[in-house]
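Q: Sequence first, then the predicted structure, then my questions.
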Amino acid sequence: MPIDPKTAVIVGVGQISHRAAGLEDALSPGELMAEAIRRASADAGLASVPDPTWITVVGTLSWRAKNPAGDLAKMLGISPRATGLSAMGGNSPQSLVNAAAREINAGDADLVIMTGGEAWRTLQRARKEGIAVDWNQKRNGAERAWDEKDDSGSAPDRRFGEELEMNHAWETALGIYLPVQVYPMFETAIRAAAGRSPEDHSVRVSELWSRFSEVASRNPHAWIQKALSPEEIRTPGPKNRMIGYPYTKYMNSNNDVDQGAAIIMCSVEKARSLGIAEDRWVFPHSGTDCHEHKFISSRWTFAETPAVALGGKLALQLAGVGIDDIDIVDLYSCFPSAVQLGAQSLGLSIDRQLTRTGGLSFAGGPWNNYVMHSIATVVGELRTMPGAKGLVWANGGYATKHAFGVYSTTPPADHRFKYAYPQDEIDAMPSRQLATGADSAGKVTVEAYSVMHDRDGEPEQGLVAALLRDGRRVWGKTADRDLARAMCSGEWVGRTMTRQSNGTLSAS
């Protein structure tokens, strides 16, 4: 049966990790993205970058340009019909693939370029040295000064994705809003729910992360290409200090990178007109987008991700497969708790190979764009395994926003990309009420916690999510270093603490 000419297909992927010796040979985010696009074009067998229906950039943190896709189009000498910019969130690359596949199937687009990149390592180096960033990029053949913030030019034609407000005012007021604070709290909740001792769970998590480092050691695009033993990962030391208990530095996302990636998608008809060989084709079969209750304060538990379970299940069902039919898996992996939550919700064994890139700790965590590297890597591996199927899970926020994609070198059964957005069903799932008034003081039961450490690796502040007798959630913290140190020993989930109405905690 001939393939429908409007079937969406990925034809080119490109990745770059640029290790500049200094500021002089550094590349800007735009230059990283432009090079990734050129590599994606070459990967498709094209002599030059094709004109797309639209070109879109994943929201960046190191380049706050008004219309980065427009700048890229000028740098590359291409003429898109529209430019776009995605919302912030690590789910964005997969969400863009979902959007592109739907539009190509509908005949609203015939070729789409998606890209993202960060020069965070270089930007941070410049800030530490007290140097104003002044990189040069090509625009219309002329050199121009580039700085961190560029509000010149017109706005993008299109915006993609949901800009969710993910921080409750009370969370922010207590200073609990960073991923390095929240994901370790998820970890202690997962540990307690599994009934493991802190020692046994530490071994399990370090073994998981060691396997991720082994994958990164074989990934030519990974930032850290060194396999680490479980002992190296879980043991604090001068190069691996404890950051947010129970996570050492090696267990945290590594955003100190200069990386870019790009994907070129088009219709089968366009691929044939461009002469792109079929051995480069990888088909998106299905995709879903969804999010948990947007505030972590509202989650029923920190040991489960029901939106991952539903979104992943639907993506698989739409592709006509089950989880056991998936040959290649790449789960979002900013912190170990994210991988465990994702695997649990999808019905995957934690002992299975759950990454093809190596994870954000080792492959590199270029903020919102990590999953574009994941998709590029999965596409490359699927090309060597004709007929195999791959699953990618992308995550944004605090295991908040999710996007899924199922891929294969064979086209979907009816040549159509299937999509679902099951948010109404998720919104109806159980949630917690947050207590913030005078009645939030008194005895509380710890449900999750972390201990933030200072630069010397010493316990500095305890952070706690707890429940009142009526089931409402409260947040608390302590700056008592002796108490924070005590919280690093034994299991504190299930213990009773005393909370003042302002959130200050003490041991009961």
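A: Arrived safely.
Q: make it CA atoms for all contacts and neighbour counts henceforth
A: OK.
Q: Could you report the distance from Leu348 to Ser431?
A: 25 Å (Cα to Cα, to the nearest Å).
Q: What of Val464?
A: Val464 sits 18 Å away from Ser431, going by Cα to Cα.
Q: Could you do Ile10 as well?
A: Separation of Ile10 from Ser431 (Cα to Cα) stands at 39 Å.
Q: try Gln423
A: Gln423 is 14 Å from Ser431, by Cα to Cα.
Q: Would you mind confirming that Ala36 makes contact with Gln15?
A: Yes. Between Ala36 and Gln15 there is a contact under Cα atoms under 8 Å: 5.2 Å.
Q: Looking at those two, which is more packed in?
A: When neighbours are counted by other Cα atoms under 10 Å, Gln15 comes out ahead of the other of Ala36 and Gln15, with 28 against 25.
Q: Please, which helix or strand holds the spatially closest residue to that one that is not a sequence neighbour?
A: Of all residues not flanking Gln15 in the chain, Ala261 sits nearest, at 4.3 Å (Cα to Cα, 6 or more residues apart in numbering). Assigning secondary structure by DSSP states H and E places Ala261 in strand 258-267.
Q: That strand pairs with which strands, parallel or anti?
A: Strand 258-267 pairs in its sheet with strand 8-17 (antiparallel), strand 111-119 (antiparallel), by DSSP bridges.
Q: Tell me which of the ones you listed sits nearest to Thr410.
A: When the strands paired with strand 258-267 are compared by Cα to Cα, strand 8-17 sits nearest Thr410, at 10.0 Å.
Q: Relative to the whole chain's centre, how far out is that closest one?
A: 18 Å (Cα atoms, centre = their mean, to the nearest Å).
Q: cool, and stretch 338-350?
A: Chain-centre distance of stretch 338-350: 15 Å, with Cα atoms, centre = their mean.
Q: Flag every buried residue along that stretch.
A: Neighbour counts over stretch 338-350 (16 or more other Cα atoms under 10 Å) mark Ala338, Val339, Gln340, Leu341, Gly342, Ala343, Gln344, Ser345, Leu346, Leu348, Ile350 as buried.
Q: What segments of the stretch 201-350 of the chain are strands?
A: For the stretch 201-350 of the chain, the strands defined by DSSP state E, counting those that start in this stretch occupy 242-245, 247-248, 258-267, 283-291, 328-330.
Q: what's next to the first one, contact-wise?
A: It stands for strand 242-245. Here strand 242-245 makes contact (Cα atoms under 8 Å, 6 or more residues apart in numbering) with 180-181, 184, 236, 248-249, 450-454, 457-458, 488.
Q: Walk me through which strands the longest strand along the chain pairs with, and which way each runs.
A: Once the chain is assigned using DSSP state E, the strand that runs over the most residues is strand 442-453. Sheet pairing of strand 442-453 (DSSP bridges) gives strand 242-245 (antiparallel), strand 459-467 (antiparallel), strand 496-499 (antiparallel).
Q: Make a markdown table out of these and add mean pLDDT and distance to Gly364.
A: Shown next, in a markdown table, are the strands paired with strand 442-453 (pLDDT from 0 to 100; distance: least, Cα to Cα, whole Å):
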| stretch | mean pLDDT | distance to Gly364 |
| --- | --- | --- |
| strand 242-245 | 98 | 18 |
| strand 459-467 | 98 | 27 |
| strand 496-499 | 98 | 38 |
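Q: With respect to burial, which of these scores highest?
A: strand 242-245 (a mean of 26; mean count of other Cα atoms under 10 Å).
Q: mind checking how far that one is from the chain centre?
A: For strand 242-245, the distance to the chain centre is 21 Å (Cα atoms, centre = their mean).
Q: and if you look at stretch 372-388?
A: On Cα atoms, centre = their mean, the centre of stretch 372-388 falls 18 Å from that of its chain.
Q: Mind checking the pLDDT average for it?
A: For stretch 372-388, mean pLDDT is 98.
Q: which residues touch that stretch?
A: So stretch 372-388 is contacted by 13-15, 93-94, 115-116, 261-263, 279-282, 326-328, 330, 356-357, 389-390, 392, 407-410 (Cα under 8 Å, 6+ apart).
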